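Undergrad: got a predicted model here, sequence first, then my questions.
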Amino acid sequence: MTSTLARLASGAPSRCFALAGAGAGDVGPWLRLDPSVAIVDSPRAADVLLVLGRLEGEMLHAAAAVHDAIPPPRGVVVWSPDGWSSRRWPFVDAVTVRDASEIAPACRRLRDDLFRRRLASSPDALPDLDPAPWRGVGPFGQGGAGMTGGVPYGRPLAGRADDRDGLRLDQILVRVGPFLPPFPPGLLLDVRLQGDVIQEATIPAPIADDAGASGREGPSGAPVPHGHPARLAVAADSPFTTALTRPVPIAELELARARHHLAWLAEALRVSGLEAYGLRALKLAFGLDLESAESIDALDRWLRRNVSLRWGTNRVGVVTRAQAEGLPGGPVARASGDDRDARSLDPAYQRLGFEPVVRGGGDALARWRLRVAEARQSVQLAKRSRTSESTPSGVIEDPRGPLSDDVPPSAGLVALLPALLVGMEWGDAVTTVVSLDIGVIDPAVREVTSEGTGP
Amino acid sequence: MSALGVIVAVVSVAAAAAFGAYIAAWVDIVLARAVAGVPVRPLDALIAPVSWGAAVALKARTTTERPDGETWALAPALLAALAAVGLAAAPLAPGLLAADVASGIVLFGAAMALVVVAVFLQGWSPNSPLPMIGGYRFIAEGLSYEIPLAVVLIAAALPARSLAIAPIVVSQENLWNVIRQPLGLPLYLMAALGLAFWGPLALPEGVDLAGGSSLEISGVSRILWRVAQLMVLVAVSAMGAAVFLGGWLGPLLPGAAWMIAKTLVLLVLLIGARHLVARVPTERYVIASWAILIPLSLLDVFIAGIQALVAAR
Amino acid sequence: MQGVAVTLAIFFVTMAAFLALRSAERRLSARASTAPARVPFTGGRAPDTHAWNRYHVRYYPMSLLFLAFDMEMVFMYPWAVVFVDEGLIALIEMFMFIVILLFGILYTWRERALEWA
């Protein structure tokens, strides 16, 4: 019976839950193009845990928890261009992949092997301990101290709190962990909800890795080079990192920017429920070349005509001009009317007649429109630029914001979240966070952002 | 009343529901590929629901720390049972109606009203924050689509002077309700999307909740929930075809063939809406439903009432 | 009578079939029942409290309005059957009923009771 099912199941895409850590770059979203792999939103729906990049400390513990949430038979596939995570690697028998193009076939092979019982399911990474011993007085854990009688079945019940309409009902704390799909990977957010409205959102301090190890060793025992914290938020081979120190052809930079914005659009469309159309945008991004301006135009027209998208993003998540001026720059600031763009200071761009795209409004719709407009502008700039090269100046305009040695591109955006999300319904909050396009968050990077937001 | 008749009715409704759910799954895959711009390959896609089902069935069932086990087990079964009753209320051909009651509209409305309970239980039972938010959101959505749904069905019952479905189909001999009551079918389809929590109204299962009420389920339970949802889609399509598109009426072909064709048309429309219309924001949908859709549905009743009075003169 | 019997039969048979399929699953694969497997998923960190709580159902004013319209619906069902026989007077009476309720929606909308965020 199970072998028949396994044979039938081999026709279905292998369902992977992707965790992105430092150095993962944008590999995760591109996997959606591969029909043999399905990136799922919940570990309960997954067969394979896909670890992309390097995870440290609290992220690794969370990854172990996510792994245990996957129902058996399950396996782990790891790809990390930056080297390995700390030596307290929790996964037994993880399949390691050297090259990004090998990820999808490896997931598929692992899934087939697991279903045909050729490989054993990956055992639990965390110990099987009850979360908290509960002892009430009665036979169902009831009775004892306090109105709720202690901690029934391991956890207390939520307590009450004031609300703006005068009703004192319960408020629960949802620990939006590092790996909840619509949110950027690595973002820790403690959200206090009453009903489905956020009353308070805080960014907890990351728990330091208390291994006490002086260096980090991977499974092979080789030490890991420490990248600069700011660059960890951007993929190591990204042309923007190279452009900080060396001249890079503008065509390459601008096509990379357009590709990034279209990939972001695909993810944003997926979160809005239009997964199929998002895949179309992703395909356009993958095959982007100098003649793609008309295709982007067609995409833009479709987006403008789609009233339902406007309904979900109009006047949602407004970033005021004052808040935008506190950011180092980037598309979020430009969507609120602030026209700072590091490319305006580059003589090579000035020769091309570059003007930054600016929108008023500052809501999620403005940010959507801005990114599509910037993608179109980038393709046109790339076509016009021929062989000109950017001027290295220590600051480069990454698609998410200005990147320099000290400041990561999405600096300041995470700090904006607590003020922005208060009073929002959950759906609107997710729309806002997705529209901000925060990159993979590394705890080391977070420490940089809390100290200031650069020039 | 014969036992054989009851058994035949039950078996035929079960077969129709199962077949319809499979077709709906296939249409969903085909339309997703078409909108995404990837090669459609519809014949390959025929086996895709089976592959998906096999892959999911091999997984273990998950549970959470302190769920409500009984209601969690009940939710997909209740949803499927309500969908089956809704499908049974729609006639296939002039004599072939499984649930031949005097007030088929009321039966359908009652079955669809309890869908809110089933979906809420699915979200609430795992004792997990995100599915629970999904369940409560669905109640807001459910209360909002319920009135337009019931009122446009009543409007369709006016010219037939009966709440039974067969007379409603017969009353469309001269002109289908989709033409003489133009507000009816669009409002019905919007409510139908909510009933099946599909596409723009997939609020309990939205991607923003990381799957919502489907977040904590795995294994066969996941398949059962999805099949129940597809059965609801089939049931609302069948009822819409009977009440608005003239059911079995049509030249040349036998009545059953027309009924199936019309059901498929509505099914394709509903499934396609998922790939072309974004998910609605909950609160704005509630406001729009009460401020715009309900007055429109009441206008629809008046149009139908005036037409019926004029026709009776 | 046949119709009612068939309806009830379909309802219970379908429910029983689905429940039976669900319990049959136990034979197919091992159960996931370790403590870390049971933690409700919110991204990798464990929750502080149970999710069940006195949930702030912010659409409760709308649900009161729904009750009024639900009762209107109940009255419209028999009205639809006798409407044509009763003639214009039935239409006018239902029109008055509905207009009163529509004023209710107008009031609720103006008082912004349908909004909650």
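TA: Received, thanks. Numbers count the residues shown, from 1 in each chain, chains lettered A, B, ... in the order given.
Undergrad: quick check: the residue of the stretch 151-300 of chain A found nearest chain C vs chain B, distance?
TA: Closest to chain C within the stretch 151-300 of chain A is residue A:177: 2.6 Å, counting by Cβ to the nearest Cβ. The C-beta positions use only the backbone N, C-alpha and C, and glycine is treated the same way. Using Cβ to the nearest Cβ, to the nearest Å, we find residue A:177 at a distance of 11 Å from chain B.
Undergrad: so that residue sits against residue C:43, correct?
TA: Yes: at 2.6 Å, residue A:177 counts as touching residue C:43 under the criterion of Cβ atoms under 8 Å.
Undergrad: list residues touching both of those two?
TA: Counting by Cβ atoms under 8 Å, 6 or more residues apart in numbering or on different chains, the common neighbours of residue A:177 and residue C:43 are residue A:62.
Undergrad: contacts only, for the spatially closest residue to residue A:315 that is not a sequence neighbour.
TA: Spatial nearest neighbour of residue A:315, excluding adjacent residues (Cβ to Cβ, 6 or more residues apart in numbering or on different chains): residue A:363 at 5.1 Å. Neighbour list for residue A:363: A:313-319 [criterion: Cβ under 8 Å, 6+ apart].
Undergrad: same thing but at 10 Å, please
TA: A:313-319, A:335-336, A:431-432, A:435 (Cβ atoms under 10 Å, 6 or more residues apart in numbering or on different chains).
Undergrad: what of residue A:42?
TA: A:15, A:17, A:66, A:69-70, A:180-181, B:62, B:130-131, B:209-212, B:214-218, C:41.
Undergrad: do the same with residue A:321
TA: In this structure, residue A:321 makes contact with A:333, A:336-338, A:360, A:362, judged by Cβ under 10 Å, 6+ apart.
Undergrad: again, 8 Å this time
TA: A:336-338, A:362.
Undergrad: same question for residue B:27.
TA: B:267-268, B:271.
Undergrad: which of these fall within helices?
TA: Within these, residues falling in helices by DSSP state H are B:267-268, B:271.
Undergrad: neighbours around the residue nearest to residue B:295 when sequence neighbours are not counted, how many?
TA: The shortest distance from residue B:295 to any non-neighbouring residue, by Cβ to Cβ, 6+ apart, is to residue C:102 (6.3 Å). Residues near residue C:102, counting by other Cβ atoms under 10 Å in any protein chain shown, number 14.
Undergrad: quick one: which helix or strand includes residue C:102?
TA: helix C:88-110 (DSSP states H and E).
Undergrad: now that helix: buried residues?
TA: Across helix C:88-110, burial judged by 16 or more other Cβ atoms under 10 Å in any protein chain shown covers C:90-91, C:94, C:98, C:101, C:105, C:108.
Undergrad: what residues does chain C have near chain A?
TA: Along chain C, the residues adjacent to chain A under the rule Cβ under 8 Å from any Cβ of the partner chain are C:28-30, C:32, C:34-37, C:39, C:41-58, C:116-117.
Undergrad: from those residues, keep the buried residues only.
TA: C:28-29, C:32, C:35-37, C:39, C:41-47, C:49-58, C:116-117.
Undergrad: so which of the contacts of residue A:363 belong to helices?
TA: Using DSSP H, those in helices are A:313, A:431-432, A:435.
Undergrad: max pairwise distance over those residues: which two?
TA: A:313 and A:432 (9.1 Å; Cβ to Cβ).
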